[in-house]
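Asks: curious how this folds, go ahead:
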Amino acid sequence: MTLTRSLFATAVAAAMSAMMLVPASAQEATAPAQAETAAPEAAAAADQMPEGKVLDDIVLGQESAPVTMVEYASFTCSHCRDFHNNNFAKLKAEYIDTGKVKFIQRDVYFDAVGLWAGVLARCGGDDKYYAVADILFADQTTWLAAQSGDEIAANLRKVGAKAGMSTEQMDACWADQQQVANLVATFQKHAGDDKIEGTPTFMINGEMVQNQPWDDLKKVLDDKIAAAG
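Replies: Coordinates of the predicted model:
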C-alpha cells in the first residue's frame, strides 16, 4: 500500500478523528473507503485530541541481536498480510528466535479502521501485541470484508475475543483518547523520520529495504549479519 505525502497528511488527520468514530460508539462508523475523504472533519476533530507522546517500540527477539529489522506495516494492507502469513514464521524461526535479528513492527494508519486495529493490537499490553497482530493479519480477509463500520467493529471484537479480551476491555481501549493520540504521534514521528512511502517497508540496520520475495530478503539479512560480524 502506497503512502504518498498527501495521503500521509490525510491518514494522520483521519486517524486523529477516529475517536469520533470508535467501535465503542453507538454512532455509525466510517468505512475504510470513506475515511480518506473525511479530511476536513478529521482535521477539526484532531484539534480536540490530547497531545500525544511517542511510545517505545515493542521488541521481538534478543536485545543483543546484531541486526535490527523494523517493519512499517498496516493492518489493512494486503501485502503486509501476505508477508506475515507467508514469511513471518520463517523470519521468526530462522532469525529472531536464533538471536540474529531483533524485530520491531511499527504500525501505519491509512484510515480510522487501521487505527482501530492498531488500538486493539495494543489493548492486551506489550506482551500480547505480536500475538494479536498475528490474528489480525491471519484473519484480515474476514474482518475487513464488512460493509460498514459497525460490522468491522463487530469483527474486530471477534479478533479480540480470540486473544482473550472482554468486550468491556476493548471498548475501554478504543475510548482511550490519550492512547489514540499517542499511537498517532508515534506513527507520524517514525514514518516521517524514515520517509516511509508504502507498506510493508523494512528498515534493516538503518537501511530502507522494500518488500521482496523471501529468498531475496533472506539474502539482505544474511549480508547484514555478516557485515555486523
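
Asks: only C-alpha atoms for contact and neighbour calcs from this point on.
Replies: Will do.

Asks: which helix or which strand is home to Lys195?
Replies: According to DSSP states H and E, Lys195 maps onto no helix or strand at all.

Asks: distance check, it against Leu115.
Replies: For Lys195, the distance to Leu115 (C-alpha to C-alpha, to the nearest Å) stands at 20 Å.

Asks: between those two, who's got more neighbours?
Replies: Applying other C-alpha atoms under 10 Å to Lys195 and Leu115 shows that Leu115 carries more neighbours, namely 28 against 13.

Asks: my read is that one is in a helix, agree?
Replies: Yes. Under DSSP: H, G, I helix; E, B strand; the rest coil, Leu115 falls within a helix.

Asks: spatially nearest residue to it (excluding sequence neighbours)?
Replies: Tyr109 (5.6 Å; C-alpha to C-alpha, 6 or more residues apart in numbering).

Asks: quick one: what helix or strand has the one you found in it?
Replies: If you go by DSSP H and E, Tyr109 is not part of any helix or strand.

Asks: and it, what's its pLDDT?
Replies: pLDDT, Tyr109: 93.

Asks: how far away is it from Ala226?
Replies: 34 Å.

Asks: is Val70 in a helix, a strand, or coil?
Replies: Here Val70 is recorded as strand under three-state DSSP.

Asks: is it bridged to anything, and to what?
Replies: Ile104, Met203 (DSSP bridges).

Asks: show me the contacts for it.
Replies: 103-106, 202-204 (C-alpha atoms under 8 Å, 6 or more residues apart in numbering).

Asks: ok, now with 7 Å
Replies: Contact partners of Val70, counting by C-alpha atoms under 7 Å, 6 or more residues apart in numbering, are 103-105, 202-204.

Asks: and Lys158, what element?
Replies: Going by DSSP H and E, Lys158 is in helix 149-162.

Asks: was I right about Glu71 contacting Thr199?
Replies: No. In this structure, Glu71 is not within contact of Thr199 by C-alpha atoms under 7 Å, at 8.4 Å.

Asks: who does the helix ranked longest in the chain touch, helix- and strand-wise?
Replies: Secondary structure assigned by DSSP state H gives helix 177-193 as the longest helix of the chain. Applying 3 or more C-alpha pairs under 7 Å, 6 or more residues apart in numbering; DSSP states H and E, we find helix 177-193 packed against helix 5-16.

Asks: ok, 10 Å please
Replies: helix 5-16, strand 67-73, strand 101-107, helix 112-123, helix 167-174 (3 or more C-alpha pairs under 10 Å, 6 or more residues apart in numbering; DSSP states H and E).
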